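K.L.:
sequence below, structure please.
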Amino acid sequence: MWALQLLLLRNGMETIRKFQDWAGPAVWGVMALLVVYILINAGWNISFDLPGGKAEWGVAHAFFAAIALTVTYFSTLMLNFCDFSRFAPSRKAVRTANLWGLPVNFIAFSVVSVVVTAGTFKVYGEHIYDPVEIVGRIDSIWALLLGAVTFAVATLGINVVANFVSPAYDLANAWPSKIDFKRGGSSPP
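P.N.:
Numbers count the residues shown, from 1 in each chain. Here you go, the predicted structure:
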């Protein structure tokens, strides 16, 4: 995975942008297939009720943990937002991209995740939260291969955006006569 990340960085920001342009929709396509698979196998009848019928501290704890994870996830991206917005053609493009990329995409992806998780109870008899485990239970080598490639693409996309781009620019700005973006991104930690 590290070698693929390095390959993306060595080819520059435009290559990263192009990768993200198809990686996001590709992950969405596979998530759409997964939700359809779960709905079909659940007989298009899933329940969003908790098995016990009432919420307990464990549910509240999980809810607050989810909020903390969400804040943590977006904090990393907000810190290096300018590394991406500087290439936008206009302020309107940034606003439009943020509208579709943050609240709309996040809510839609959350809904799909909840539907898939709720559907796993009907299909497998237990709530499965880990998408790797869900895909692993599908009895198809093609589904496993598609899932593995999708998880690799998603990991690659997130790691490069959240963990490599900002440090690459930081190092390039610290010593611009000796370090450019590509060299900054491939410097050893």
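
K.L.:
on the three-state scheme, residue 47 is what?
P.N.:
Here residue 47 is recorded as coil under DSSP: H, G, I helix; E, B strand; the rest coil.

K.L.:
for the closest residue to it other than its chain neighbours, give me the pLDDT.
P.N.:
Among residues not flanking residue 47 along the chain, residue 118 sits closest, at 6.6 Å (C-beta to C-beta, 6 or more residues apart in numbering). For the C-beta atoms, the positions are set from N, CA and C on the backbone; glycine is no exception. On the pLDDT scale, residue 118 is placed at 90.

K.L.:
now do residue 109
P.N.:
pLDDT recorded at residue 109 is 89.

K.L.:
chain center to the lowest-mean-pLDDT helix or strand in the chain, what's the gap?
P.N.:
Lowest on mean pLDDT, DSSP states H and E among the helices and strands of the chain sits helix 82-85, with a mean of 75. Computed by C-alpha atoms, centre = their mean, to the nearest Å, the separation of helix 82-85 from the middle of its chain amounts to 18 Å.

K.L.:
against which helices or strands is it packed?
P.N.:
Where contact means 3 or more C-beta pairs under 8 Å, 6 or more residues apart in numbering; DSSP states H and E, helix 82-85 is packed against helix 165-174.

K.L.:
what about the following helix or strand past the helix it packs on, distance to the chain center?
P.N.:
Sequence order places helix 181-185 as the next helix or strand after helix 165-174, per DSSP states H and E. Computed by C-alpha atoms, centre = their mean, the chain-centroid distance of helix 181-185 equals 24 Å.
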